[in-house]
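Return atomic coordinates for the entry below.
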Amino acid sequence: MKLSVKLVALLLIVSLSACKKKEEIKPETETTTQTTTQTTTTETTGVETHRSPMDICCSPQDLDDPESLLSKRVIYFDFDQATVRPEYRDIVAIHARYLNQNPSAHVTLEGHADERGSREYNLGLGERRAKSVANLMKAQGAASSQIDIVSYGEERPVCTESNEACWSKNRRVEIVYNHK
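Have a look, this model is predicted:
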């Protein structure tokens, strides 16, 4: 009897570890952003250096540099969700780094929702989305005093058709830099 209990336990452990290994190997999806590398050769040394978009930071000029993640200022959300999707975490992180390295910089996080749901619910959802981005920024070094939050709910859509492709564009937080 003891042998069969041990055998069952061993089989259970082996099958659980096999399942765990399968979960760890996940193919990339279309929504995953990939970090690209930019190659630069210095004239004086002739040595090539590789820079990722996370390296291009954190001067005010980087805000408008299309090679910088700082030029990306819209974070999209899943339906009825306020959790920042993994593919947008680098964008939030680079904006947090910019705020940390530029103490006089100030942003307003504008939360938005699609047209589904009541006006009140969508205002709350937009606020939760903006707070989610703000909390990530603060966790990565941005000061609370540099971040304001406003929710527009469904009031400022970028697309007005009633279909999923359009609604997905309206479920967002916009990062707006304020020049004070």
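
thinking A142 is in contact with P103, fair?
No: using Cβ atoms under 8 Å, A142 is not in contact with P103; the gap is 9.9 Å. Every C-beta, even on glycine, is put in place using the N, C-alpha and C of the backbone.

Next one: the residue nearest to V150 when sequence neighbours are not counted, what pLDDT does it get?
Of all residues not flanking V150 in the chain, E110 sits nearest, at 5.5 Å (Cβ to Cβ, 6 or more residues apart in numbering). At E110, the model reports a pLDDT of 98.

By mean pLDDT, which helix or strand of this protein comes out lowest?
Least confident helix or strand of the chain, by mean pLDDT, DSSP states H and E, is strand 38-41 with a mean of 40.

before we move on, back to that, which SS class is the residue nearest to V150?
Assigned by DSSP: H, G, I helix; E, B strand; the rest coil, the conformation of E110 is strand.

which residues pair with it across the strands?
V150, E174 (DSSP bridges).

how close does it get to S59?
24 Å (Cβ to Cβ, to the nearest Å).

looking at it, the residue nearest to V150 is touching A130, isn't it?
Yes: with contact defined as Cβ under 8 Å, E110 counts as touching A130 (6.7 Å).

Just want to know which of these two has more residues nearby.
Comparing E110 with A130 by other Cβ atoms under 10 Å, the one with more neighbours is A130, at 27 against 22.

list the buried ones in stretch 106-114?
H106, V107, L109, E110, G111, H112, A113, D114 (16 or more other Cβ atoms under 10 Å).

Model confidence for the first one, exactly?
You'll see H106 listed with a pLDDT of 97.

contacting residues for the closest residue to it other than its chain neighbours?
Leaving aside its chain neighbours, H106 sits nearest to N178 (4.5 Å; criterion: Cβ to Cβ, 6+ apart). Neighbour list for N178: H106, V107, T108, D148 [criterion: Cβ atoms under 8 Å, 6 or more residues apart in numbering].
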